[in-house]
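[1] After the sequence you'll find the predicted model.
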Amino acid sequence: MPELPEIEALRRYLLREGLVGRTVVEVDADWPGVEDTVDGAGGLSPLVGRRIEGIERRGKQLILPLSASAPDGRNQVLGLHMGMTGRLGIMAPYEESFRYRRLSLFFDDERRLELDDVRRWAMVRLEDDAEAFTGGMGPDALNPEFTPAEFVERVSAKRSPIKSVLLDQKVLAGVGNIYADEALLMVGITPSRRADQISVTRLESLHNTIVGVLENALSFIESQPDDQGRPYVIDAQDDRMQITRKPGAPCPQCEAALKSRKFGGRTAYYCPYCQH
Ligand SMILES: [Zn+2]
């Protein structure tokens, strides 16, 4: 599943490809069931004639602000969420479509943006503003304006286990299950520790580690593009992660067998000796 680092790599790819400033000339979203999965209220046809004004990200959501529409002068945004298997590509006219193409936006330079999604859980919606798409999400985990002090304030206000708090997108956006486990192991905090009982120093260190883990994953993804320069959506079971997500796998620090436990339906892996 694409997580924050994959989506940030996608955002940078779209920027590199010069998507900003392009105008949509045609929308093609013609697969069965589109109304339920991709087309939102009113469909995507109002996109025609609108210019892409930017490419932003909040957690795992991509937000593309659009130029105002002619009749009512409204500034809207195009929100995209990649679901389980979604990915995006900018294609030249001669390039073949993705195998599981669900949507094409054609631009005024004859290129097109394609959404490929074998599982069809991606979402694409036209909304009045970014907030309508991200609805109540907390600050983005990699936003430089999201300071350690704000992290401490938001997290220490919670009495739930730290693992659940890190996954709560209303507290902070974009920390996925595997990244939360990696960061907690690296700072030595056990996932069941109540968030409001962790010292400020340890929480500051946790924030720093989360940023490091996410940035490390982003560098890894960006270092391995496909032949077209597009970022892969890589299964996170790879070299960038320290934890092998199997019961009994060795702790990367002390080699004791890792334990697992569920928090809100998500499995946490942790070391009973290195984490307190
Ligand atoms: Zn250990």
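    In hand now; what should we look at?
[2] C-alpha only now, for contacts and for neighbours.
    Noted.
[3] Show me which residues of the chain sit near the ion.
    Residues of the chain found near the ion (CA under 5 Å from the ion) are C251, Q253, C254, C271, C274.
[4] Most neighbours among these, which one is it?
    Ranked by the number of neighbours (other CA atoms under 10 Å), those place C271 first, at 27 neighbours.
[5] Now for the nearest residue in space to it that is not next to it in sequence: which residues touch it?
    Leaving out its chain neighbours, the residue that sits closest to C271 by CA to CA, 6 or more residues apart in numbering is L258, at 4.9 Å. Applying CA atoms under 8 Å, 6 or more residues apart in numbering to L258 gives the contacts P247, G248, A249, P250, C251, Y269, Y270, C271, P272.
[6] Can you list phi and psi of the residue nearest to I210 when sequence neighbours are not counted for me?
    Ranked by CA to CA, 6+ apart and with sequence neighbours excluded, the top spatial neighbour of I210 is A183, at 5.4 Å. Backbone torsions of A183, given as degrees, to the nearest 10, read phi -70, psi -40.
[7] so A183 makes contact with T209?
    Yes - assessed by CA atoms under 8 Å, A183 is found in contact with T209 at 5.7 Å.
[8] Contacts for the particular helix or strand that has R202 in it, please.
    Using DSSP states H and E, R202 falls within helix 200-222. Helix 200-222 is contacted from outside by 4-6, 8-9, 141-142, 148-149, 151-152, 175, 179-180, 182-184, 186-187, 231-234, 240, using CA under 8 Å, 6+ apart.
[9] do you know how far the most centrally placed residue in the chain is from L126?
    Taking CA atoms, centre = their mean, the centroid of the chain lies closest to K60, which sits 2.3 Å from it. Using CA to CA, to the nearest Å, K60 is found at 17 Å from L126.
[10] Please enumerate the strands of the stretch 1-150 of the chain.
    Taking DSSP state E, counting those that start in this stretch as the test, the strands found in the stretch 1-150 of the chain are 24-28, 56-58, 61-65, 77-81, 87-91, 101-107, 112-116, 123-127.
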